[in-house]
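[1] predicted model and sequence follow; I will ask about them next.
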Amino acid sequence: MDEPTFYRYLLWGSLVVAALIFPALFFITAPYGRHEAKSWGPTVDNRTGWLLMESPSVLVFFACFYVGGCPTDPASLAFLFLWQLHYVHRAYIFPFRIKSGPKRMPIAIAGAGFAFTSLNAYLNGRWLFGLAGPDRYAAAWLSDPRFFLGAAIFLAGFAINQQADWILLHLRKPGETGYKIPRGGFYRWVSCPNYFGEIIEWIGFAICTWSLPGLAFALWTIANLLPRALSHHRWYREKFPDYPTERKALVPGLL
Ligand SMILES: NC(=O)c1ccc[n+]([C@@H]2O[C@H](COP(=O)([O-])OP(=O)(O)OC[C@H]3O[C@@H](n4cnc5c(N)ncnc54)[C@H](OP(=O)(O)O)[C@@H]3O)[C@@H](O)[C@H]2O)c1
């Protein structure tokens, strides 16, 4: 089988799996963080789990860039910049900012995360720096409204995600491991603005690249984070009797 055929199977297969996983995640909440559970087998510490889950996004995407001949056209460099802006932080800075104490993560979850990020980095990187062909993102793409609108949406989502995570990561004083009600920023409107920002980012990336792998990644992100946001929201309401009643779970004013 040649690579384009393998790639096509993988891309459509990933969409089918995302469509199956999405409903399942309304019933099974991935057991890490506040939803930690003992029944998921051997575990690794949280920081190692995050490094393992997120590193392929950086490394596989760079590998695709390298295999694609390190293209220096502006669109390729812009895609590389946007992707790595998010993932260098997520893989190599975020894990050292978390204050989870002795909390651990099942190896099964870290492994699933590893598979998920490897797949998405390959599908997007290989498309953008190779399989799309040399003319797909030629110089004219930079003046296409889809490019700069998508990039602007991505950057807005990145800012929301960063601000939301920053607020969460500053709730605990050194040594604390419990939970508090987050306030300020988009927490005025929703319980999980970090997930909301992340979804906006990858919708922006899909528009910016106007590609099926970009769309597949945005759908995967929604499939992962929408059910988890609903679980977080329910958890906050059960745990804190004074939790703000007007706050939605994920999308301001809607959901
Ligand atoms: N693209 C994707 O599919 C995907 C999937 C998963 C995550 N992500 C991204 O990865 C980042 C982290 O995700 P996550 O699921 O770990 O988010 P999270 O549940 O909101 O937790 C983020 C961090 O803040 C701490 N925290 C959360 N709520 C807190 C509170 N009320 N009081 C004190 N500390 C609190 C958590 O500690 P504990 O660990 O102790 O709970 C954790 O260290 C997010 O930006 C998310 O968008 C992306």
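    Received, thanks. Values in this document were obtained by computation on a predicted structure and should not be read as measured data. Numbering: from 1, shown residues only.

[2] now do stretch 218-225: distance to the chain's middle.
    Taking C-alpha atoms, centre = their mean, to the nearest Å, one finds stretch 218-225 lying 8 Å from the centre of the chain it belongs to.

[3] near the ligand at all, the biggest helix by length in the chain?
    When the chain is parsed with DSSP state H, its longest helix is helix 212-239. Yes - residues of helix 212-239 are located near the ligand by C-beta under 6 Å from any ligand atom, namely Thr221, Asn224, Leu225. Where C-beta positions appear, they are placed from N, C-alpha and C, glycine not excepted.

[4] who does that helix touch, helix- and strand-wise?
    On a contact count with 3 or more C-beta pairs under 8 Å, 6 or more residues apart in numbering; DSSP states H and E, helix 212-239 meets helix 3-24, helix 107-126, helix 193-209.

[5] how many neighbours does the residue lying closest to Pro95 once chain neighbours are set aside have?
    The shortest distance from Pro95 to any non-neighbouring residue, by C-beta to C-beta, 6 or more residues apart in numbering, is to Trp50 (3.9 Å). Counted with other C-beta atoms under 10 Å, residues neighbouring Trp50 total 24.

[6] what is the mean pLDDT for the host helix or strand of Trp50?
    Here Trp50, judged by DSSP states H and E, is contained in helix 46-67. Average pLDDT, helix 46-67: 97.

[7] same thing with stretch 148-157?
    Per-residue scores along stretch 148-157 average to 98.

[8] and it, is it in reach of the ligand?
    No - using C-beta under 6 Å from any ligand atom, stretch 148-157 never reaches the ligand; the gap is at least 9.8 Å.

[9] and if you look at stretch 54-72?
    No - under the criterion of C-beta under 6 Å from any ligand atom, stretch 54-72 makes no contact with the ligand; the nearest approach is 8.2 Å.

[10] list the buried residues in that stretch.
    54-58, 60-65, 68, 71 (16 or more other C-beta atoms under 10 Å).

[11] Gln84 - how many residues pack around it?
    Neighbours of Gln84 (other C-beta under 10 Å): 16.

[12] and the residue of the stretch 1-150 of the chain nearest the ligand?
    Closest contact between the stretch 1-150 of the chain and the ligand, by C-beta to the nearest ligand atom, is at Gly33 (3.2 Å).

[13] one step back: now do the buried residues in the longest helix of the chain.
    Across helix 212-239, burial judged by 16+ other C-beta under 10 Å covers 213-233, 235-236.
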